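Student: With the input below, show me the fold.
(one chain, ligands or ions: 2)
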Amino acid sequence: MDGFVKVPVREQDAKVRATNFEEVCLGYNKEEAEKEALRCLNCKNPKCVHGCPVSIDIPAFIAQVKEGDVEGAYQTISKSSALPAVCGRVCPQESQCEGQCVRGIKGDAVSIGKLERYVADTAREMGIKPEGAKEKKGKKVAIIGSGPSGLTCAGDLAKMGYDVTIFEALHEAGGVLVYGIPEFRLPKSAVVKKEIENVKSLGVKLETDVVIGKSVTIDELMEKEGFEAVFIGSGAGLPRFMNIPGEQAMGVFSANEFLTRSNLMKAFDPESRTPIMRPKKCVVVGGGNVAMDAARTALRLGAEVHVVYRRGEEELPARKEEVGHAKEEGIIFDLLTNPVEIHADENGWVTGITCIRMELGEPDESGRRSPVEVPGSEFDIECDAVIMSLGTSPNPLISSTTQGLDVNRRKCIVAQEENGQTSKPGVFAGGDAVTGAATVILAMGAGKAAAKGIDEYLSNK
Ligand SMILES: Cc1cc2nc3c(=O)[nH]c(=O)nc-3n(C[C@H](O)[C@H](O)[C@H](O)COP(=O)(O)OP(=O)(O)OC[C@H]3O[C@@H](n4cnc5c(N)ncnc54)[C@H](O)[C@@H]3O)c2cc1C
Ligand code: SF4
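Tutor: Ligands and ions are numbered 1, 2, ... in the order given. Below is the predicted model of the structure:
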């Protein structure tokens, strides 16, 4: 076997998948996983582990895959991660564990993410569950938000023996994993719900349809309901807009709204009672993972889709794999292009968008070359929908209803990186609510750090 090249993973054909919402990547089977596992060198100083924000013992679980011990591999991963089937699918491994793998110096890095997915999926099929706490501590902790940070914090605290309740504003648990990332990248019933059930199997209680700051405040949870500590993992769900003329027209969506309606309210299903507009030609503004998800969702709803992004291909912030998949499926990329105005008909519905060409100038404070307009280069794209995917920030509801909770000028909660401690005693925070929009695994890392912080706080109380 050529040890320099990874075992390729099977995918749905691009033409077929562009018309359905089924999962694009089909993952490894047993034979493929064991063959790929053989490529791992079981390094003494495993660089891959340093690249993993939750420090999974990667060589150990890969060695167990090699031996065919899926249950052992699953328990090894579970010590560090509550959501392996999710992470195996959506983590940016190329810049984390796989980005550090020594195999990558002279060939392909070991496909750690695909192996993690294989272990999690196989364990699920075999009915294997994570191991829970042996003894209870009799102390109540509240978790706000059931995204990756909240689920991780809850799972870790439950394993330590705490009595944990998650309060979730929406009717379904999972945060962005259910309302943001589309079905074709992350199946909801088959994968996300099952991993949430695993967290619940550790004894974690889940209360949906509870908006903290409206239904009940953090101060009330602590003063009246007996919660001795609180973790805030409320994410960053407030979309940004460009503030250009015409942005109020009908047919202009935030990516959040478009994806939430498609994923959570199943608008993609023609039988759904909450359908969404099916655009004929759609412009998606932005170049991140969220823009790729919105574009690929609109394509599957039958639209011709243009991604308009003000920098060039090299600067696209989305994962390369996602950009590649989008191109294969037929998404058109209008790069070095920026919208200036949206046009609507006499009834207020979008008819098109005027854009201007850009070129890259001097690097800005982020180190990236800043885009500069090319004078007189305006042009029109006819379309009936525009999806704005320009980033999100935390919703100020919790910070504005909690006494003594400091936020920074971006409205992110201020919390210590090593333990999640906020300015308010007994209140911890992590994930997108603290960092602004980031990644699943960073949110999980923050949830883990806060679980340790809460344990220390309550043990010394
Ligand atoms: C479309 C999309 C695609 C993405 N793709 C990727 C990807 O491929 N890989 C990757 O690593 N990351 C990706 N991300 C980013 C990643 O999903 C987030 O960084 C991560 O989910 C943050 O986790 P979190 O726990 O901080 O918050 P969230 O996942 O946002 O969860 C927060 C939860 O808190 C709830 N909540 C908010 N306010 C309240 C309140 N007042 N009371 C009760 N509950 C509340 C929300 O309803 C939500 O369920 C993507 C994001 C989006 C939007
Ligand atoms: S760095 Fe790569 S080869 Fe080494 S232990 Fe990690 S996955 Fe295996």
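Student: Thr248 is in what secondary structure piece?
Tutor: Just so we're on the same page, residue 248 is Gln rather than Thr. Gln248 is part of no helix or strand, with elements assigned from DSSP states H and E.
Student: Show me what residue of the stretch 301-450 of the chain gets nearest to ligand 2.
Tutor: Residue nearest to ligand 2 within the stretch 301-450 of the chain (C-beta to the nearest ligand atom): Ile441, separated by 16.1 Å. All C-beta spots, glycine's among them, are computed from the backbone N, C-alpha and C.
Student: quick one: stretch 131-150 to chain centroid distance?
Tutor: Put simply, stretch 131-150 sits 21 Å off its chain's centre (C-alpha atoms, centre = their mean, to the nearest Å).
Student: what's the first-to-last distance across it?
Tutor: Taking C-alpha to C-alpha, to the nearest Å, stretch 131-150 runs 19 Å from one end to the other.
Student: same deal with stretch 77-87?
Tutor: 11 Å.
Student: what's the answer for stretch 24-39, then?
Tutor: Termini of stretch 24-39 sit 25 Å apart (C-alpha to C-alpha).
Student: same thing with stretch 244-253?
Tutor: OK, stretch 244-253 end separation, C-alpha to C-alpha: 14 Å.
Student: quick check: mean pLDDT across that stretch?
Tutor: Mean pLDDT, computed over stretch 244-253, is 97.
Student: The residue nearest to Ile332 when sequence neighbours are not counted sits in which helix or strand?
Tutor: With C-beta to C-beta, 6 or more residues apart in numbering as the criterion, Ile332 has its nearest non-adjacent residue at 4.8 Å, and that residue is His306. Using DSSP H and E, His306 maps to strand 304-308.
Student: Contacts for that strand next, please.
Tutor: 280-287, 291-292, 295-296, 298-299, 326, 330-334, 337-339, 353, 355, 381, 383 (C-beta atoms under 8 Å, 6 or more residues apart in numbering).
Student: Just those: which are in helices?
Tutor: Using DSSP state H, the members of the contacts of strand 304-308 that fall in helices are Ala291, Met292, Ala295, Arg296, Ala298, Leu299, Ala326.
Student: Longest helix of this structure, counting residues only.
Tutor: Max-length helix for the chain by DSSP H is helix 440-460.
Student: buried set for that one?
Tutor: For helix 440-460, the neighbour count (16 or more other C-beta atoms under 10 Å) marks 440-455, 457-458 as buried.
Student: ditto for stretch 77-89
Tutor: Ile77, Ser78, Ser80, Ser81, Ala82, Leu83, Pro84, Ala85, Val86, Cys87, Gly88, Arg89.
Student: ok, now stretch 337-353?
Tutor: Within stretch 337-353, the residues that qualify as buried are Thr337, Asn338, Pro339, Ile342, Ala344, Val350, Thr351, Gly352, Ile353, counting by 16+ other C-beta under 10 Å.
Student: List the strands paired with the longest strand anywhere in the chain, with their directions.
Tutor: The longest strand of the chain (DSSP state E) is strand 350-363. Here strand 350-363 is paired, per DSSP bridges, with strand 337-344 (antiparallel), strand 369-373 (antiparallel), strand 379-382 (antiparallel).
Student: Lowest average pLDDT across these?
Tutor: strand 369-373 (a mean of 90).
Student: With only the CA atoms kept, save that strand in CSV.
Tutor: Output of strand 369-373 as CSV, limited to C-alpha atoms (Å, rounded to 0.1, in the frame of the first residue of the first chain):
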residue,chain,number,x,y,z
ARG,A,369,-5.1,42.6,1.2
SER,A,370,-8.1,44.9,1.4
PRO,A,371,-10.5,45.1,-1.5
VAL,A,372,-10.8,48.4,-3.3
GLU,A,373,-13.5,49.4,-5.8
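Student: Give me the buried subset of the ones in helices among the contacts of strand 304-308.
Tutor: So, by 16+ other C-beta under 10 Å, the buried ones in the ones in helices among the contacts of strand 304-308 are Ala291, Met292, Ala295, Arg296, Ala298, Leu299, Ala326.
Student: Pick the one among those residues closest to ligand 2.
Tutor: Met292 (26.9 Å).
Student: contacting residues for that closest one?
Tutor: Taking C-beta under 8 Å, 6+ apart, we find Met292 in contact with Val307, Ala318, Arg319, Glu322, Val323, His325, Ala326, Ile331.
Student: Let's see the pLDDT reported for it.
Tutor: The predicted local confidence for Met292 is 97.
Student: what's the answer for the one 4 residues further on, then?
Tutor: The per-residue pLDDT reported for Arg296 equals 96.
Student: any idea how far ligand 1 is from the nearest residue to it once chain neighbours are set aside?
Tutor: Nearest residue to Arg296 in three dimensions, chain neighbours excluded: Ala326, at 5.7 Å (C-beta to C-beta, 6+ apart). According to C-beta to the nearest ligand atom, to the nearest Å, Ala326 and ligand 1 sit 13 Å apart.
Student: Same question for Ser55.
Tutor: Distance from Ser55 to ligand 1, by C-beta to the nearest ligand atom: 17 Å.
Student: show me the contacts for that residue.
Tutor: Ser55 neighbours (C-beta under 8 Å, 6+ apart): Val49, Ser80.
Student: From ligand 2, how far off is it?
Tutor: For Ser55, the distance to ligand 2 - C-beta to the nearest ligand atom - is 12 Å.
Student: Could you shift the numbering so residue one becomes 807, and keep it that way?
Tutor: Fine by me, first position is 807 from now on; the one you just mentioned is Ser861.
Student: Quick check: that residue is in a helix.
Tutor: No. Applying DSSP: H, G, I helix; E, B strand; the rest coil, one finds Ser861 to be coil, outside a helix.
Student: Torsion angles phi and psi at it?
Tutor: phi 50, psi 50 (degrees, to the nearest 10).
Student: Tell me the pLDDT of it.
Tutor: 92.
Student: Please name the spatially closest residue to Arg1174 (chain neighbours excluded).
Tutor: Glu1121 (5.9 Å).
Student: The one you found: neighbouring residues, count only.
Tutor: 15 (other C-beta atoms under 10 Å).
Student: How about the one 10 residues further on?
Tutor: The local packing count at His1131 equals 22, with neighbours defined by other C-beta under 10 Å.
Student: Over to Val1022?
Tutor: By other C-beta under 10 Å, neighbour count at Val1022 equals 16.
Student: got the residues of the stretch 857-1006 of the chain near ligand 1?
Tutor: 896-898, 950-956, 973-976, 981-982, 986-987 (C-beta under 6 Å from any ligand atom).
Student: is it true that Trp1155 touches Val1058?
Tutor: No. Counting by C-beta atoms under 8 Å, Trp1155 stays clear of Val1058, with 9.8 Å between them.
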